[in-house]
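Asker: Predicted coordinates and the sequence they were generated for:
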Amino acid sequence: MSTEPGAVISCVSVSKAYQQGSQTVEVLRDLSCQIEAGELVAIIGSSGSGKSTLLNLMGGLDDPDGGDIYIQGQAVRPMSESARARWRNRHLGFVYQFHHLLAEFSAQENVAIPNLIAGVERREATRRAAVLLDRVGLSGRLEHRPSALSGGERQRVAIARALATSPGCVLMDEPTGNLDPATAAQVLGLLLELNRDLGISFVIVTHDLAIARHTDRILELRNGQLLPVADDLHA
């Protein structure tokens, strides 16, 4: 499988295994897939199937044992750690089940951080953060610290932070897993809106089929392979 010009992320013959005592456990086996520009993809699978492992590989946070990962056409594995961090900050956003916001900073400061890391002047990074927080419906929460925000608001801040550098793709690991159903539905609506309006790709690892059904494509990770899921699961 070769990388295509429209692919924001490509996995080519990727393998990954871990040692458990004296045993070698293969998590991913010769896995290949591509995430296209503007695509909304859900990855489902049983607990322990390797979904988070795959997401970490797609994000350049870990290296495969075999095969290659390409982010915006660039092979990640040959990069130095510093070059990889810069490339990742420029082209990818990340959202996790637990928001991982910095408790001592305001919502606006948290969202400004990726641009500050990228070298954007503080005033401009702060301005962009305010625009993004308004985009996710939090214009009245700029100065609030995470402890003063609800779970859904914290996740919206995390989504705004993931969008800070206008990445081609946002990787999400159970982004609604820690939210009640009503709040999860609101976050899903926001993701669909952002995908439609901004053309950013989203890869969502989720156990929630109600979330997965609203994506363009559902892939199931089973026995180390990504397999397409029947179209009748879609809404």
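Answerer: All right, it came through fine.
Asker: For the rest of this, base every contact and every neighbour count on C-alpha atoms.
Answerer: Will do.
Asker: Tell me the spacing between the residue lying closest to His144 once chain neighbours are set aside and Asn195.
Answerer: Of all residues not flanking His144 in the chain, Ser106 sits nearest, at 5.2 Å (CA to CA, 6 or more residues apart in numbering). Going from Ser106 to Asn195 by CA to CA, to the nearest Å gives 26 Å.
Asker: ok, now which ones touch the residue nearest to His144?
Answerer: 142-146 (CA atoms under 8 Å, 6 or more residues apart in numbering).
Asker: Just the buried subset of the residues you listed, written out for ChimeraX, thanks.
Answerer: Only the buried entries of those go into this ChimeraX selection, using 16 or more other CA atoms under 10 Å:
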select :142,145,146
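Asker: Could you dump the contacts of Ser106 into TSV and include distance to Glu81 and secondary structure?
Answerer: Putting the contacts of Ser106 into TSV (distance: CA to CA, whole Å; DSSP: H, G, I helix; E, B strand; the rest coil) gives the following:
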residue	distance to Glu81	secondary structure
Leu142	32	coil
Glu143	33	coil
His144	33	coil
Arg145	31	coil
Pro146	30	helix
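Asker: With respect to Ser46, which of the contacts of Ser106 is nearest?
Answerer: Pro146 (31.2 Å; CA to CA).
Asker: Hmm, that closest one is touching His100, no?
Answerer: No. Look at Pro146 against His100 with CA atoms under 8 Å: they stay out of range, at 9.6 Å.
Asker: buried ones in stretch 165-183?
Answerer: Buried positions in stretch 165-183, judged by neighbour count with 16+ other CA under 10 Å: 165-176, 178-179, 183.
Asker: Among these, which are located in helices?
Answerer: Thr183 (DSSP state H).
Asker: of all the buried residues of stretch 165-183, which comes closest to Arg84?
Answerer: Using CA to CA, Pro167 is the member of the buried residues of stretch 165-183 that lies nearest Arg84, at 14.5 Å.
Asker: what's the pLDDT at the spatially closest residue to that closest one that is not a sequence neighbour?
Answerer: In this structure, Pro167 finds its nearest non-sequential neighbour in His91, 4.3 Å apart by CA to CA, 6+ apart. Turning to His91, the model gives it a pLDDT of 90.
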